[in-house]
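J.: just to be clear, the model below is a prediction. Sequence and coordinates:
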Amino acid sequence: MIDSTHIKARRISPFLLLFWLRRILREHMQQSSAAWITGQAFVLGIFLFGIVWPNIGSLSAEKGLGDGSLVAHWKFKEGSGNAVADSSGNGNDGKIVPVNAPEPKWGTGEFAGSIFFGGSTFVRISPSESLNKLKKQITVVAHVYPRSLWSPPTPYQRFSRRVVHLAEKLVGAATDNERSRNINEGSGYIAVVQRQWREVSHPDLFYLGYGQENNALHYKWHLGLVGAEVSLYRLPEGQDKPVVGEWVHLAGTYNGETGKMSLYVNGKPIGSQTRVGEIRLDAESLNRPLAIGAELNGPSIDDPSNGFTGYVRDVRINDHALSDEEIQTLAKEARMQVTK
C-alpha cells in the first residue's frame with residue numbers, strides 16, 4: 001500500500017499540468033480546428049485524471065491493506081483536546097479518559113502526531129456494529145514508543161517489599177487494595193490495545209501489548225476463543241526483553257478458519273500457533289468498549305489498569321488476518337513516518 005501523504009509532496013498540480021498542456025496544444029495545433037478540438041478533449045481527460053487519481057489513491061490508502069477490511073484506524077493527529085477520530089469511515093471515534101487528567105495527552109516536538117499515555121489515561125472507544133463483527137478473523141496493529149516498561153524485581157527489592165508490607169500489617173497501616181499495590185509496583189502486564197470479555201477481570205476478547213512469563217517481560221498477543229484461551233509470549237531473536245526508548249511496530253493476527261494466530265514485531269513474525277475457532281464475542285460482551293493505552297477489568301469503563309507509558313502513533317484493526325507481506329508493508333510505512 002502506498003501512503004498518499006508521501007505522494008503529495010512530489011505530485012504535480014493538475015491545474016499546472018492543464019496550463020502547460022493547453023499551451024503546447026496552442027502552439028502546435030493552430031492549423032486544424034478539428035485537431036484543436038481533439039486536443040482540448042485530450043487535455044480535459046488528463047486534467048480530470050490528475051484530479052481523480054490522487055483521490056482514488058488516498059481512498060485506497062485509507063481503506064488499508066487486506067482488500068478493504070479496515071474496521072478502525074486511529075492516527076492520533078489531533079494534537080489537542082480529548083477526542084480521537086477514526087479515519088476508517090466506520091465512526092469508531094474515541095475519547096481520552098479521564099478528560100481532566102493533569103498529564104500531557106499529546107506528543108510534541110519529535111513526537112508530534114502521536115498520543116501520550118502516562119499510565120493513568122487511556123482512549124475508550126464505544127462498541128459498534130463493525131467492532132462487534134470481529135469474531136472469525138482479526139488483525140490489530142499498533143506503533144508504539146515505550147518510555148518505560150516493567151522489569152522483574154531483584155531479590156533485594158522483593159525482600160524489601162515483604163518487610164515493608166509486614167511492618168504495615170503490624171502497625172495496622174496495611175491496605176487491602178491489592179490493585180493499588182499492583183499499580184505502584186507493576187504487574188508485568190502492559191496493555192496497548194484490549195477489549196474486555198463481559199465485565200470480568202480477565203480474560204479478554206483480544207489483547208496486544210506486553211506480558212510477563214517466567215518472571216520475564218515479553219511481547220504478548222492474546223485471544224479469548226470459544227472454549228479456549230490462547231496466548232503468544234514472544235521476543236525477537238537475540239533480544240532478552242522488549243526495547244525501551246524507540247519506536248516498535250506491533251501486530252497480532254488470527255484466522256479462525258485455519259486457526260493460525262501470529263505475533264509480529266517490526267514487521268517480522270516472532271511466534272505463531274494454531275487453534276481453530278472464533279473469538280467469544282457473546283451477548284454479554286457486545287456493550288464492552290475497546291481500550292487503547294490500558295485495559296479494562298471489572299464492570300467500570302472509567303477505571304483502567306495495566307497502563308502503557310509512552311507514545312502511540314498509529315493503531316488499526318482489520319476484520320481480516322493480514323498476510324506476512326502486508327504486515328511488513330505496514331511496518332515499513334510506520335518507520336517512514338517517524339524518520340521523514
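T.: Received it, and whenever you're ready, just let me know what you need. Numbering: from 1, shown residues only.
J.: partners of the helix or strand hosting residue 96 in the sheet?
T.: Using DSSP states H and E, the element containing residue 96 is strand 94-97. Take DSSP bridges as the rule and strand 94-97 pairs in its sheet with strand 83-84 (antiparallel), strand 122-125 (antiparallel).
J.: next one: it to chain centre, how far?
T.: When distances are taken as C-alpha atoms, centre = their mean, to the nearest Å, strand 94-97 is centred 15 Å away from the chain's centroid.
J.: run through who's touching it.
T.: Outside of strand 94-97, the residues within contact range by C-beta atoms under 8 Å, 6 or more residues apart in numbering are 74, 82-84, 86, 105, 115, 121-126, 290, 292, 302, 304. The way it works is simple: take the backbone N, C-alpha and C, and place the C-beta from them, glycine included.
J.: at 7 Å instead, please
T.: Outside strand 94-97, the residues that touch it by C-beta atoms under 7 Å, 6 or more residues apart in numbering are 74, 82-84, 105, 121-125, 302.
J.: gap between residue 236 and residue 249?
T.: As judged by C-beta to C-beta, to the nearest Å, residue 236 and residue 249 stand 12 Å apart.
J.: neighbour count for those two, which is higher?
T.: Neighbour count, other C-beta atoms under 10 Å: between residue 236 and residue 249, residue 249 has more, with 24 against 16.
J.: any idea what the more buried one is bridged to?
T.: So, taking DSSP bridges as the rule, residue 249 has residue 143 as bridge partners.
J.: for it, give me its contacts.
T.: Per C-beta under 7 Å, 6+ apart, neighbours of residue 249: 143, 266-267, 331, 334.
J.: the same query, at a cut-off of 8 Å, please.
T.: Applying C-beta under 8 Å, 6+ apart, we find residue 249 in contact with 141-143, 264-267, 330-331, 334-335.
J.: do residue 281 as well
T.: 132, 134-135, 205.
J.: run the last query once more with 10 Å
T.: 127, 131-135, 195, 197, 205-206, 224, 226, 288 (C-beta atoms under 10 Å, 6 or more residues apart in numbering).
J.: how about residue 201?
T.: 179, 295-299, 305.
J.: and what of residue 292?
T.: Contact criterion C-beta under 10 Å, 6+ apart gives 72, 74, 76, 84, 94, 96, 115, 117, 122-125, 142, 191-194, 208, 308, 312, 315 as the residues in contact with residue 292.
J.: rerun at 7 Å
T.: Residues near residue 292 by C-beta under 7 Å, 6+ apart: 74, 122-123, 193, 312, 315.
J.: least trustworthy helix or strand in the chain by mean pLDDT?
T.: helix 4-8 (a mean of 36; mean pLDDT, DSSP states H and E).
J.: which one of the strands paired with strand 94-97 lies nearest to residue 215?
T.: strand 122-125 (26.3 Å; C-beta to C-beta).
J.: so which bits of that closest one are buried?
T.: Residues of strand 122-125 classed as buried by neighbour count (16 or more other C-beta atoms under 10 Å): 122-125.
J.: list the neighbouring strands of the strand or helix carrying residue 194 plus their orientation.
T.: In the assignment (DSSP H and E), residue 194 maps to strand 189-196. Here strand 189-196 is paired, per DSSP bridges, with strand 204-213 (antiparallel), strand 290-292 (antiparallel).
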